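>>> the following block contains a protein sequence and its predicted model.
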Amino acid sequence: MYPTVADVLTLPVIRQGMATLVAGAGGLDRPVRWVHVAEIADIAPLLGGGELVLTTGIALPDDPGSLTRYVAELSSVGVVGVVVELVRHWHRELPAALTEAADAHDLPLITLSRETRFVAVTEAVVGLIVAAQVAELQAAERIHETFTALTVAGAEPAEVLREVARASELPVVLETLGHDVLAYDTAGTDPRELMADWATRSRAVTVDARTGYHAEAGWLVTVVGARGNDWGRLVLVCPSEPKHRQVVIAERAASALAVHRLVARDREGLERHAHRTLLTELLGSTTTAADVAARAGALGVPLQRRQLLGISVRPSTTTAVRPTMATQEVLRDLAEATALAARRARVAALVGVVDDISVRALLSLTPQADADAVLRRLSKEIHQAAANAPKALPVIVAVGTTVDAVSDVRRTMVEAAHVAKAALRTSNDRPYHRLDDVRLRGLLHLLADDDRVTAFAARELGPLLTRDAAHGSRLIDALRHFCDHGGNKSAAATAAHMSRTAYYQQLARVEQVLGVSLDDSDSVLSLHVALLVAEIND
C-alpha cells in the first residue's frame, strides 16, 4: 500500500516549506508511487502514472490555455499531484487558470512558500514508499505463515474461512463451481442477508483471471483447485476495491482449501478412488462406453446387459438458512457406509464422492431383478449404515430412472441428484425418493437452470419482492403460507402466527400489489410455482 498525497503533506520537510493545498482536494487519497522533479511543460509523455511532480514553475508558461493543457496532460497519464515552489517564477499565488484546471481534474495542487530542497522531499517520500512496501511484505509473510500452519494442521474448510473472516474483516463464502455453498463465515454480519438468493447472484459474477474483483457485485473472487482440477470459488464480500492484504488472504486461503481437498481425497481407500474415477467419467462423458464398461467389469460391477440405476445419497440435516453442505470427511464416511450397505444388500454398485454435497452410486442389477425390491432392501441398509457411521446423520436416498445402456447412465445419475435436492424440501420420510415422489418440485429442479423458468418466477413475484424490500414488509411469507396450506386462510394464519384479521389484511395487500385475485385458482397455481422456483434457486 503506497502513501497517499495526504500522507505526503504531513511530512516535516513539506510542512517546513509552508505547504498549502490550493486546489484538487478531491484527489488527496490517491496513492503516490514515486516523486519526480520536472520543470518542462511537456513532461507528461515521459511519466508512467502515480507520480507526485515537484516543480519551481520556472519553465512553465503563463498563458491560461497552456496551463490548462499542462494540467490536463498530467491528469491523463495518472499524475497524482503537483507541488509548486513559489520562489522563482510565481510569488504569493498561482495563476487562476492553473488552480481552476487542477480543481476540474481533482488533481491536488500544493504550493511551498519557502525555498525547499527537492532532494529532501524526494528522500522523505521514497522513505514512506519503502516503509509501506516493507510493511506490506511483512503482512504478507504473516498471512503466509498463518495459512501454511492451517494447511499443515489439516484444517477443515470452516477453520480456514474463520481465519479469512478474522484477518480480512470481510464475510467469506466457499462455493462449488455450480454455485452451491459449501461453507461460509459472516464476519459478524447477518447470515440471511449474506445467503439471500446466493446462487442467482453468484451466476452473474464472473472474473477473467483466477483472482479478480467484480466492482458491481462488490465481490473479490478467487478460483479454488489444484492439479488443473478447479472445483470451487472463494468469495470475499468486499464493497470497495480490495486492499492488497485482502487479495493475499484470499489467494492463500484458496491454496489451503485446495491442498486440504487433495489430502482428503488421498485418504480415500483404493476402491473408493477407483469408483470415483469411473463415476466422474460417466458423468462427464470423457471416455467411451466400452472402456468404462470394461473397467467397471474389472471392479466387479458389470454394466453390459444390466438394469442401471443412478443413486444420490445426501445428508438431510438443515439449518434455518439453507441446507448444510457436507464436509469431505462426512462424505467419505457416507460413501463407505453406502458401499457397505450395497455389499450387505448384495447389489453390485460403483460408489464414490464426485462433488461436495453428496455420495453418488450406480447400481447394476440383472435383467430379472425386481428393482423396487432391491431398492427397498438397499435403502434400508443405507439408512442403517449411515446411522452407525463415525459421524451419524440422517440421509436422503434418491433414485433415477432405470436405464439399460451405458450411454444413458449420465441421465439416470443426474436425475437422481435433482431428485435428492428436491427431496430436501419435502417433509415425508420415505426410505428412498423417485422423480414422481417429489412431483412438481422435482420437475422444477430439473428445469432450474432454464432462464425461462427463472424469468417466469421473477415476473410473477417481482412486484411483491420489491415492495417487501422497500417497506420491510413480509408479504412474500404471507403468500407462501397461503400456497403451502392449499388456500386455507385459517390454517395459513395459524402457521404465520398471526391473527386472522391481520393475516387477511396481508393477503389483501398481496392482491393489491400483484393485481391478482387469490380466489382465482390459475393465479394461485402460477404464484405457487413461482415460489417453488424461487425456493429452488435460493
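Nice, I can see it. Residues are numbered from 1 along each chain as shown.

>>> please make it C-alpha for all contacts and neighbour counts, starting now.
Noted.

>>> Glu141: neighbour count?
Residues lying near Glu141 (other Cα atoms under 10 Å) number 12.

>>> quick check, Glu175 in a helix?
No. Under DSSP: H, G, I helix; E, B strand; the rest coil, Glu175 falls outside any helix and is assigned strand.

>>> where along the stretch 401-538 of the chain do the helices fall?
409-423, 435-446, 451-471, 475-484, 489-495, 500-514, 521-537 (DSSP state H, counting those that start in this stretch).

>>> tell me which of the ones you listed is the most buried.
helix 409-423 (a mean of 25; mean count of other Cα atoms under 10 Å).

>>> what mean pLDDT does that helix get?
Averaging pLDDT along helix 409-423 gives 84.

>>> pretty sure Val181 contacts Leu174?
Yes. Counting by Cα atoms under 8 Å, Leu174 is a contact partner of Val181 at 6.0 Å.

>>> these two: which has the busier surroundings?
Leu174 (26 against 22).

>>> any idea of the pLDDT on the more buried one?
89.

>>> and Ala167, by the same measure?
pLDDT, Ala167: 89.

>>> and the strands in the stretch 251-400 of the chain?
307-315, 348-352, 359-365, 395-399 (DSSP state E, counting those that start in this stretch).

>>> quick one: contacts of the longest one?
Which is strand 307-315. Contacts of strand 307-315 with the rest of the structure, by Cα atoms under 8 Å, 6 or more residues apart in numbering, involve 324, 326, 357-367, 393-405, 409, 412-417, 420.

>>> kindly report the same for the third one.
Outside of strand 359-365, the residues that reach it under the criterion Cα under 8 Å, 6+ apart are 279, 301-303, 306-314, 331, 334-335, 347-354, 371, 413.

>>> low-confidence ranges in the protein?
1, 227, 264-270, 285-287, 317-327, 389-392, 425-428, 436-450, 535-538 (pLDDT under 70).

>>> among the helices of the stretch 401-538 of the chain, which comes closest to Asn388?
helix 409-423 (21.3 Å; Cα to Cα).

>>> just to revisit the earlier point, turn the helices of the stretch 401-538 of the chain into TSV, including distance to Glu123.
Below are the helices of the stretch 401-538 of the chain laid out as TSV (distance: least, Cα to Cα, whole Å):
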stretch	distance to Glu123
helix 409-423	63
helix 435-446	65
helix 451-471	54
helix 475-484	63
helix 489-495	71
helix 500-514	66
helix 521-537	57
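
>>> mind checking which of those is nearest Ile110?
Closest to Ile110 of the helices of the stretch 401-538 of the chain, according to Cα to Cα: helix 451-471, at 45.6 Å.

>>> please enumerate residues in contact with that closest one?
447-448, 473-476, 510, 513-514, 526-527, 529-531, 533-534.

>>> let me know the closest of those to Leu11.
Nearest to Leu11 among those, with distances taken as Cα to Cα, is Ser473, at 53.1 Å.

>>> Lys84: what secondary structure?
Small correction: residue 84 is Val, not Lys. Val84 is classified as strand under three-state DSSP.

>>> so it sits against Ile110, correct?
Yes. Counting by Cα under 8 Å, Ile110 is a contact partner of Val84 at 6.2 Å.

>>> tally of neighbours for the spatially closest residue to Thr338 that is not a sequence neighbour?
Once flanking residues are discounted, Thr338 sits nearest to Ile382: 5.4 Å by Cα to Cα, 6 or more residues apart in numbering. Residues contacting Ile382 under the criterion other Cα under 10 Å number 28.

>>> which residue ranges form the strands in the stretch 101-250 of the chain?
Using DSSP E, counting those that start in this stretch, strands in the stretch 101-250 of the chain cover 109-112, 172-176, 181-185, 211-214, 219-226, 229-237.

>>> can I get those strands in TSV with distance to Gly297?
TSV is the format used below for these (distance: least, Cα to Cα, whole Å):
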stretch	distance to Gly297
strand 109-112	78
strand 172-176	32
strand 181-185	34
strand 211-214	42
strand 219-226	30
strand 229-237	27
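
>>> wait, what's in contact with the nearest residue to Val235 once chain neighbours are set aside?
Excluding the flanking residues, the one nearest Val235 by Cα to Cα, 6+ apart is Val221, at 4.7 Å. Going by Cα under 8 Å, 6+ apart, Val221 touches 207, 210-214, 233-236, 250.

>>> how many other residues sit next to the residue lying closest to Val248 once chain neighbours are set aside?
Spatial nearest neighbour of Val248, excluding adjacent residues (Cα to Cα, 6+ apart): Ala140 at 6.7 Å. When neighbours are counted by other Cα under 10 Å, Ala140 registers 19.

>>> domain-wise, how is this protein divided?
5-128, 154-266, 270-436, 451-537 (automatic domain parsing).

>>> among these, which is nearest His144?
domain 154-266 (6.7 Å).

>>> for Ala345, what are phi and psi?
phi -80, psi 0 (degrees, to the nearest 10).

>>> please shift the residue numbers so they start at 53 in all later answers.
Will do, 53 is the new start, and the previous item becomes Ala397.

>>> is it in contact with Glu433, as I believe?
Yes. The criterion here is Cα under 8 Å, and Ala397 meets it with Glu433 at 7.0 Å.
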